[in-house]
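Novice: predicted model, plus sequence, below.
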Amino acid sequence: MKVNGRRYRTIWLEGRDGGVVRIIDQRVLPHRFELLDLRTAEDIRKAIKDMYVRGAGLIGAAAAYGMYLAAREAGEASFDGDLANAAENLKNTRPTASNLAWAVNAMLASLLGQGGTRAQKIEKARLAAEAIADGDAESCRNIGLYGLELIKAAAGKKKNGAVHILTHCNAGWLAFVDYGSALSPVYAAFDAGIPVHVWVDETRPRNQGAALTAWELGGHGVPHDLIPDNAGGHLMQHGMVDLVITGADRVTRRGDAANKIGTYLKALAAKENGVPFYIALPSATFDFTMRDGTREIPIEERDPAEVRCMTGKTADGRIETVQICPDSTPARNWGFDVTPARYITGLITDRGIVEASEQGILKRYPEHAHE
Ligand code: MRU
């Protein structure tokens, strides 16, 4: 997508020998737009762990590039063992999103036990990582095209005014390599001239909605309003939300969806008020090994400091973190929650819109029927 008129992805290879992974540093958005170079597999591990990059698709692509850098660092004789270690380190960074383990496993499958010279293996790793990044972007572009039809239909039902879409967290292009999942249909609708307006949940504790979704939508010219996390139910009761579309970090074969903490409450409010609730995801976000999401999906618990503090810009332009509770207040910080399939109207995937049920999902993904 574009920033100041120039087209960017969130991650790409740089350098004459392709040995540098360049990212948009999401820690300083929306106040500064900065690029950062990562040169080692350890740099990538840290960038994922400490959320310089975040979002399901982007951490998958970053991990794939991390495996490529690991291949460059691996010894001739210890190549497979070195890669297996790097894979473990990368997978241990963030447990909830499927895309990360999916991408690392895809890299291992194409690299382990292969013949050829070290140079050939490194080139193979580069091509595999680029294919994962390109695949993520293409999936998200297709999600946009399928989701566009939903927004068109919602616009057709309204006599006048914009289609009001509520979203939670950031499932825009910053959360992927390009386009986004939940926001890809919004961009497609806006670009097609359909009047849309987005309610942007701030998304405590890290405020990915306020910092990232608002920045993205503003950059693209999409009308939007930032709202406190607790406002969605009120807006739905008053007919001010036509659709909810969020992203997902992992979706089970039955259609239970893990997404940023607070998503479940939006789904409950949507059900109560008859508002369609959609989850948008690329195929790599499905976890076909899991059924009951509430019981089985691992939920990342993060540093309590993220709850106890807030980061923002001071009047004189410095980025500062301040504490918002008493010095001794303890806090807990679960990153995600699970919305059971029964609250989900449909899944917007790169293969089309799918019913959130095992039957509906397997109809579109028959190759996983016997897992
Ligand atoms: O903790 P994050 O920012 O990596 O969380 C992931 C997310 O951005 C959201 O849960 C998102 O809605 C789904 S990922 C596209």
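Specialist: Arrived safely, thanks for sending. Residues are numbered from 1 along each chain as shown.
Novice: near the ligand, which residues of the stretch 201-350 of the chain show up?
Specialist: With C-beta under 6 Å from any ligand atom as the criterion, the stretch 201-350 of the chain meets the ligand at residues 208, 246, 247, 248, 249, 259, 260, 335. All C-beta atoms are positioned from the backbone trio N, CA, C, and that covers glycine.
Novice: pLDDT score for the fifth one?
Specialist: In other words, residue 249. As predicted, residue 249 sits at a pLDDT of 98.
Novice: let's number from 21 now, not from 1
Specialist: Sounds good: first residue 21 from here, last item residue 269.
Novice: could I get the contacting residues of it?
Specialist: Going by C-beta atoms under 8 Å, 6 or more residues apart in numbering, residue 269 touches 76, 116, 117, 118, 119, 278, 279, 280, 305, 356.
Novice: ok, 6 Å please
Specialist: When contacts are counted by C-beta atoms under 6 Å, 6 or more residues apart in numbering, residue 269 touches 76, 116, 117, 278, 279, 356.
Novice: what's the answer for the third one, then?
Specialist: For residue 267, the contacting residues are 191, 201, 202, 300, taking C-beta under 6 Å, 6+ apart as the criterion.
Novice: and the residue of the stretch 271-391 of the chain found nearest the ligand, bridged to which residues?
Specialist: Nearest residue of the stretch 271-391 of the chain to the ligand, counting by C-beta to the nearest ligand atom: residue 280, 3.4 Å away. Beta-bridge partners for residue 280, by DSSP bridges, are residue 356.
Novice: I'd like to know how far it sits from residue 266.
Specialist: Note on residue 280: its distance to residue 266, by C-beta to C-beta, to the nearest Å, is 8 Å.
Novice: got it, and residue 22?
Specialist: Following C-beta to C-beta, the distance that separates residue 22 from residue 266 is 24 Å.
Novice: which one's more surrounded, these two?
Specialist: Just comparing residue 22 and residue 266: by other C-beta atoms under 10 Å the higher neighbour count belongs to residue 266, 26 against 10.
Novice: now that one. Nearest residue, chain neighbours left out?
Specialist: Leaving out its chain neighbours, the residue that sits closest to residue 266 by C-beta to C-beta, 6 or more residues apart in numbering is residue 188, at 4.8 Å.
Novice: residue 126 - that's part of a strand, no?
Specialist: No: assigned with DSSP: H, G, I helix; E, B strand; the rest coil, residue 126 falls outside any strand and is helix.
Novice: any idea of the pLDDT on it?
Specialist: pLDDT recorded at residue 126 is 98.
Novice: likewise for the one 10 residues further on?
Specialist: Looking at residue 136, its pLDDT stands at 91.
Novice: for it, helix, strand, or coil?
Specialist: The three-state label given to residue 136 by three-state DSSP is coil.
Novice: show me the helices in the stretch 171-320 of the chain, by range?
Specialist: Applying DSSP state H, counting those that start in this stretch to the stretch 171-320 of the chain gives helices spanning 203-211, 228, 234-240, 252-257, 283-293, 313-316.
Novice: out of these, which is closest to residue 165?
Specialist: Closest to residue 165 of the helices of the stretch 171-320 of the chain is helix 203-211 (C-beta to C-beta; 6.3 Å).
Novice: was I right about the residue of the stretch 271-391 of the chain closest to the ligand contacting residue 190?
Specialist: No: in this structure residue 280 lies outside contact range of residue 190 using C-beta atoms under 6 Å: 8.3 Å.
Novice: residues in contact with the residue nearest to the spatial centre of the chain?
Specialist: The centroid of the chain falls nearest to residue 75 when counting by C-alpha atoms, centre = their mean (3.0 Å). Residues near residue 75 by C-beta under 6 Å, 6+ apart: residue 195.
Novice: perfect, that will be all.
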